[in-house]
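>>> got a sequence here, can you build the structure:
(one chain, ligands or ions: 1)
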Amino acid sequence: MLQVQIVRDDRYLRHKTGLSHPESPARLSAVYRMLDWDHPGGFIEKQARPITLEDLERVHTPAYVRIILATARQRLTHLAPDTIASRDSCLAAWLAAGGCVLGVDDLLAGRCQACLVLCRPPGHHALADRAGGFCIFNNLGLAARHALRRGLRRVLIVDWDIHHGNALQNLFYADDRVVYLSTHLPNAYPFTGKLGEVGVGPGAGHTINLPLPPKWGDNDAMTLYRVVLEQLVERFSPEMIMVACGFDAHFRDPIGATLQTEASYAGLAQLVATLGPRNNDIPLLLALEGGYDPDTLTACVAEVLAALQDQRHGQAVWSAQSQKADELLARAGRVHAGFGLWLD
Ligand SMILES: [Zn+2]
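Presented below is the predicted three-dimensional model:
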């Protein structure tokens with residue numbers, strides 16, 4: 001059985017965003033309640049610790065960090081039209097990034113084999129000098145930079161949130177030590193992540209964008225990810241797998257627009273757990289991104305945890321045939337085959 005760690009922290013709930021904002025404390029409160037009721041003592045649980053300023057400035061500019069620090073003196077600051085900070089948001093953001101860095105350290109120390117960081121605010125839209133998309137600091141980007149500084153040479157970031165992680169892509173666009181793979185809605189925020197955005201210089205081919213066709217479902221997602229991830233793990237040989245673990249592709253999500261159900265997240269979690277820690281001894285870090293219906297989010301997190309705990313969970317009989325996935329792979333093949341990282 002995998003050693004699974006959860007990072008949770010009540011201070012994440014102190015990031016207030018106003019009465020009608022979808023990225024609300026109610027999201028994590030619902031998830032934490034489920035953990036207390038259904039899994040008391042079931043996992044290694046840790047509180048977050050703040051990221052160091054030195055680590056933070058590996059991604060964010062000092063001027064931007066000063067802007068975020070200044071929000072601690074204000075009742076409400078609009079960092080971007082959709083991204084709000086209240087007095088304690090700075091603390092929560094510091095701890096969200098720190099929770100992910102803590103996850104890296106604990107995985108590298110062998111204290112766990114998989115670590116799920118249940119944090120907010122989310123991170124994958126936070127640019128070096130700009131907040132956006134409800135994100136303040138780039139949690140997984142900071143974790144990946146930390147992992148590279150700790151000596152890792154290859155990190156695979158899988159982003160199954162329904163939105164393209166524009167800021168994660170930016171950070172590693174020219175870096176051949178990080179593969180960034182994203183499935184997302186085209187023509188939706190942040191309007192990046194075209195199939196032809198593949199990275200530059202040494203990073204060419206290391207950014208993989210797969211914009212989803214309409215009516216995308218569980219079987220399509222599983223078929224696609226299985227093909228891509230099996231090849232990437234074999235050929236890129238990542239030393240850590242990180243997941244930008246958003247659940248807003250779920251059909252009940254108020255923002256998402258696919259047909260995916262919570263079963264797909266059990267399947268995807270089982271896939272990364274199998275290709276990562278279970279079969280190949282590759283540590284696995286998952287960090288919460290989107291997912292805006294608290295009950296749906298909670299059900300999805302429960303599925304992911306069940307898959308991490310039980311190697312049979314999520315191994316439903318997928319048909320392994322999806323015309324939508326095949327067509328998307330064929331289009332991606334025309335763009336990526338020349339790089340040799342996946343596809344022939
Ligand atoms: Zn999202």
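
>>> ok and the residue in the stretch 151-300 of the chain nearest the ion?
Residue of the stretch 151-300 of the chain nearest the ion, by C-beta to the ion: residue 290 (2.9 Å). Placement of C-beta: from N, CA and C, glycine included.

>>> for that residue, helix, strand, or coil?
Put simply, residue 290 is coil when judged by DSSP: H, G, I helix; E, B strand; the rest coil.

>>> so it touches residue 163, yeah?
Yes: using C-beta atoms under 8 Å, residue 290 is in contact with residue 163, at 6.5 Å.

>>> who in the stretch 51-200 of the chain is up against the ion?
Residues of the stretch 51-200 of the chain lying close to the ion by C-beta under 5 Å from the ion are 161, 163.

>>> do that again at 8 Å, thanks
Where proximity means C-beta under 8 Å from the ion, the interface of the stretch 51-200 of the chain facing the ion comprises 122, 124, 133, 161, 162, 163.

>>> pipe these into TSV and attach neighbour count, distance to residue 269 and pLDDT per row.
Converted to TSV, those look like this (neighbours: other C-beta atoms under 10 Å; distance: C-beta to C-beta, whole Å; pLDDT from 0 to 100):
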residue	neighbour count	distance to residue 269	pLDDT
122	30	18	98
124	30	18	98
133	25	23	97
161	26	14	98
162	26	16	97
163	28	19	98
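
>>> of these, closest to residue 239?
residue 124 (20.9 Å; C-beta to C-beta).

>>> so residue 321 lies in a helix, does it not?
No: with three-state DSSP as the criterion, residue 321 is coil rather than part of a helix.

>>> picking up where we left off before, CSV for the residues of the stretch 51-200 of the chain next to the ion, including secondary structure and distance to residue 259?
Listed next are these as CSV, based on DSSP: H, G, I helix; E, B strand; the rest coil; distance: C-beta to C-beta, whole Å:
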residue, secondary structure, distance to residue 259
122, coil, 23
124, coil, 23
133, coil, 23
161, coil, 16
162, coil, 12
163, coil, 17
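
>>> next up, the contacts around the nearest residue to residue 205 once chain neighbours are set aside.
Nearest residue to residue 205, sequence neighbours excluded (C-beta to C-beta, 6 or more residues apart in numbering): residue 339, at 2.7 Å. By C-beta atoms under 8 Å, 6 or more residues apart in numbering, residue 339 lies in contact with 198, 204, 205, 206.

>>> pull out the buried members of these.
By neighbour count, with 16 or more other C-beta atoms under 10 Å, those hold 198, 205, 206 as buried.

>>> isn't the second one up against residue 341?
So that's residue 205. Yes: the pair residue 205 / residue 341 is scored as a contact, 5.1 Å apart, by C-beta under 8 Å.

>>> check residue 318 and give its pLDDT.
Note for residue 318: predicted pLDDT of 69.

>>> look at residue 179 and give its secondary structure.
strand.

>>> hey, what's in contact with both of residue 290 and residue 163?
246, 248.

>>> ok, back up a step: for the contacts of residue 339, could you give me TSV that also reports pLDDT and secondary structure?
Shown next, in TSV, are the contacts of residue 339 (pLDDT from 0 to 100; DSSP: H, G, I helix; E, B strand; the rest coil):
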residue	pLDDT	secondary structure
198	98	coil
204	97	coil
205	97	coil
206	98	coil
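
>>> which of those sits closest to residue 277?
Distance to residue 277, by C-beta to C-beta, is smallest for residue 206 among the contacts of residue 339, at 22.7 Å.

>>> what sits against residue 35?
Counted by C-beta under 8 Å, 6+ apart, residue 35 has contacts 6, 8, 42, 43, 45.

>>> just the buried residues of those residues.
6, 8, 43.

>>> leaving out sequence neighbours, find the closest residue to the last one.
Of all residues beyond its chain neighbours, the one nearest residue 43 is residue 6 (4.8 Å), with distances taken as C-beta to C-beta, 6+ apart.

>>> beta-bridge partners for the one you found, please?
residue 45, residue 116 (DSSP bridges).

>>> and it, how far from residue 103?
Noted for residue 6: a distance of 10 Å to residue 103, by C-beta to C-beta, to the nearest Å.

>>> just the CA coordinates for stretch 214-233, please, in CSV.
C-alpha atoms of stretch 214-233 as CSV (Å, rounded to 0.1, in the frame of the first residue of the first chain):
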residue,chain,number,x,y,z
PRO,A,214,-16.8,19.0,-27.3
LYS,A,215,-18.6,16.4,-25.2
TRP,A,216,-15.4,15.0,-23.8
GLY,A,217,-16.1,12.1,-21.4
ASP,A,218,-14.5,9.7,-18.9
ASN,A,219,-13.4,7.1,-21.4
ASP,A,220,-12.0,9.8,-23.7
ALA,A,221,-9.9,11.2,-20.8
MET,A,222,-8.7,7.8,-19.7
THR,A,223,-7.8,6.7,-23.2
LEU,A,224,-5.9,9.8,-24.0
TYR,A,225,-4.0,10.1,-20.7
ARG,A,226,-3.1,6.4,-20.7
VAL,A,227,-1.5,6.6,-24.2
VAL,A,228,0.4,9.9,-23.5
LEU,A,229,1.6,9.2,-19.9
GLU,A,230,2.8,5.6,-20.6
GLN,A,231,5.0,6.9,-23.4
LEU,A,232,6.2,10.0,-21.5
VAL,A,233,7.1,8.0,-18.4
